[in-house]
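# Coordinates only, no sequence provided:
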């Protein structure tokens, strides 16, 4: 991802976070793997989805 950002000369930040458990995924409201947040909102969140590992 960072290679693409650099190659396209984009102004963006990438942060990779390892989520070690289902409980932590629920706590962080993460709905998929990988979860991609854009301006703090999940990029591909499905309606009525439950947080967790998939």
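Received it, and whenever you're ready, just let me know what you need. Bear in mind that the values here come from a model prediction, so they are computed numbers and not experimental data. Residues are numbered from 1 along each chain as shown.

# where exactly do the strands run in this structure?
Taking DSSP state E as the criterion, the chain carries its strands at 37-38, 41-42.

# Need the mean per-residue confidence for the last one.
Model confidence over strand 41-42 averages 78 on the pLDDT scale.

# do the same with stretch 12-32
Stretch 12-32 shows a mean pLDDT of 84.

# Using CSV, lay out the strands of the chain together with distance to residue 8 and mean neighbour count.
From N, CA and C alone the C-beta is placed, and that goes for glycine too. Shown next, in CSV, are those (distance: least, C-beta to C-beta, whole Å; neighbours: other C-beta atoms under 10 Å):
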stretch, distance to residue 8, mean neighbour count
strand 37-38, 16, 12
strand 41-42, 22, 12
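
# Could I get the ones you listed in JSON lines, plus columns for distance to residue 16?
Below are those laid out as JSON lines (distance: least, C-beta to C-beta, whole Å):
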{"stretch": "strand 37-38", "distance to residue 16": "12"}
{"stretch": "strand 41-42", "distance to residue 16": "16"}
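
# Which of those strands sits closest to residue 5?
Closest approach to residue 5 among these (C-beta to C-beta): strand 37-38, 13.2 Å.

# Near residue 30, how many other residues are there?
Counted with other C-beta atoms under 10 Å, residues neighbouring residue 30 total 21.

# same question but for residue 7, I mixed them up
8.

# Over to residue 24?
Here the count is done by other C-beta under 10 Å, and residue 24 has 14 residues near it.

# quick one: it and residue 38, what's the gap?
21 Å (C-beta to C-beta, to the nearest Å).

# do the same with residue 7
Residue 7 is 19 Å from residue 38, by C-beta to C-beta.

# Please apply the same query to residue 15.
Residue 15 is 12 Å from residue 38, by C-beta to C-beta.

# What of residue 1?
Distance from residue 1 to residue 38, counting by C-beta to C-beta: 13 Å.

# How about residue 26?
Here residue 26 is placed at a distance of 21 Å from residue 38 (C-beta to C-beta).
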